[in-house]
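Undergrad: for reference, the sequence and a predicted model appear below.
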Amino acid sequence: MRNTILIGLVCLCFLGCSKENYSSTPKLTYQSVNTSQLQVDQIIKFNLTFTDKEGDVIDTMYIQKVSINCPAGNFSERRQIPTFPTTTNLSGNIIISYSNGINNIGYTTIASKCNYNDSCYFRFMMKDKANHKSDTVNSGIVVIAYK
């Protein structure tokens, strides 16, 4: 009997102490990328997930490309976050896509600006309507093939 009560109290403690996964500041998580060797005319897709307590993430995604060996290839941009239903404890998935070439209409081109392959990584950060900013998350190294 005593062990049953002790086990019950331990279980209640764990249930009562569990942390909530949602906060007012958006939480951004880098999940994956479809390739780490981006060939000419290929599309790269970064998969990110987020959570937000108020569900007001309908604002801005900041993206930065950091070239390791081709400084001319660095860039920063802001993109409007796709519209999500505004609900509390919102979680979702965002895909950010680029193209290495001009033959993929509708995608921003990130072709190498140097006469050799460009090794780089990407940084992502999001902001919600209340101006809360997520932590910055980084991709792994991506090699962008030169012609």
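TA: Here it is on my side, so go on.
Undergrad: assign a three-state SS to the most centrally placed residue in the chain, would you?
TA: Per CA atoms, centre = their mean, the C-alpha nearest to the average position across the chain is that of residue 48, at 3.6 Å. In three-state terms, and counting by DSSP: H, G, I helix; E, B strand; the rest coil, residue 48 is strand.
Undergrad: in the sheet, who's paired with it?
TA: residue 30, residue 94 (DSSP bridges).
Undergrad: what about the helices in this structure?
TA: Along the chain, counting by DSSP state H, helices occupy 2-17.
Undergrad: which stretches of it have low pLDDT?
TA: When residues are selected by pLDDT under 70, those of the chain lie in 1-20.
Undergrad: separation between the residue nearest to the centre of the chain and residue 102?
TA: As for residue 48, its distance to residue 102 is 26 Å (criterion: CB to CB, to the nearest Å). Every C-beta, even on glycine, is put in place using the N, C-alpha and C of the backbone.
Undergrad: burial measure for residue 67, as a count.
TA: Applying other CB atoms under 10 Å, we find 19 residues neighbouring residue 67.
Undergrad: what do you get for residue 104?
TA: For residue 104, using other CB under 10 Å, the count is 15.
Undergrad: from what I can see it touches residue 39, true?
TA: No. In terms of CB atoms under 8 Å, residue 104 does not count as a neighbour of residue 39; the distance is 11.7 Å.
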